[in-house]
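>>> Everything below, folded, please.
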Amino acid sequence: MSLLRGLLDRLLLLCAVVAGGLVPGFIAQYRQRLGGRLDQARLDLAPWRQLAQQYYQDDIQRLIANHLASSDPAIRAEGAIIRTLVATVEQLQSAMDALHGSLFRQAGYLTLHADPALVRATLHDWVPTFALSADGILFALVFALVVWLMFQAAWQVLAWLGSRRRGLYSHDDRPARRLHRAR
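Down below sits the predicted model:
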């Protein structure tokens, strides 16, 4: 059993180092895709910003309010679209800002706040790259250490449960065997 554990231990550690080294490349590709979405949203919003600049002293909220207050349903619908575009640009910009910190902060942000559709799209076109920067290597080692420690803890818990289970069965079997022999 110790040979199997040693083999699993080393194999898991190696795989965790490689997986941890691939994470920074994924984050970079996710950030590029997010930046592309932000650029597109800004392009979509640009004509409305120009109208706000021309007629509303560069106040896009006044443009939106004017559209929403219109009696024409089509113009009210435009107001809702403009409001959605403004919110989208703000949300994407906020996400981009969060992805300009340290690699560990970026990974934490993506773990908690990643856009599932953007993650799927990034995974679909993902080209695995191993980060050889100091941050990338440090991230890979820390990631591997965390995975390895979780494996060690799980192994200890399973070993403890197994020994406890064997202990329960051995205590239950002894009186029954003694009774069976006595008969």
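
>>> ok, how many other residues are close to Val18?
14 (other C-beta atoms under 10 Å). Every C-beta, even on glycine, is put in place using the N, C-alpha and C of the backbone.

>>> Wait, it touches Phe130, no?
Yes: at 7.4 Å, Val18 counts as touching Phe130 under the criterion of C-beta atoms under 8 Å.

>>> how close does the closest residue in space to Gly136 that isn't next to it in sequence sit to Leu138?
Once flanking residues are discounted, Gly136 sits nearest to Pro24: 4.4 Å by C-beta to C-beta, 6 or more residues apart in numbering. Distance from Pro24 to Leu138, counting by C-beta to C-beta, to the nearest Å: 10 Å.

>>> Overlap of the contact sets of these two?
Leu103 (C-beta atoms under 8 Å, 6 or more residues apart in numbering).

>>> Tell me which of those two has more neighbours.
Taking other C-beta under 10 Å, Pro24 and Leu138 do not tie; Pro24 has more neighbours (22 against 14).

>>> quick one, what contacts that one?
103, 131, 133, 135-136, 139.

>>> Out of those residues, list just those in strands.
Residues of the contacts of Pro24 located in strands (DSSP state E): none.

>>> Which of those fall in helices?
103, 135-136, 139 (DSSP state H).

>>> Take the residues you listed and lay them out in CSV including pLDDT.
Output for the ones in helices among the contacts of Pro24, formatted as CSV (pLDDT from 0 to 100):
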residue, pLDDT
Leu103, 91
Asp135, 90
Gly136, 90
Phe139, 92
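
>>> buried subset of the residues you listed?
103, 136, 139 (16 or more other C-beta atoms under 10 Å).

>>> My guess is the second one contacts Gly21. True?
Yes: contact status for Gly136 versus Gly21: in contact at 6.3 Å, counting by C-beta under 8 Å.

>>> Is Pro128 part of a helix or strand, or is it coil?
Under DSSP: H, G, I helix; E, B strand; the rest coil, Pro128 falls in the coil class.
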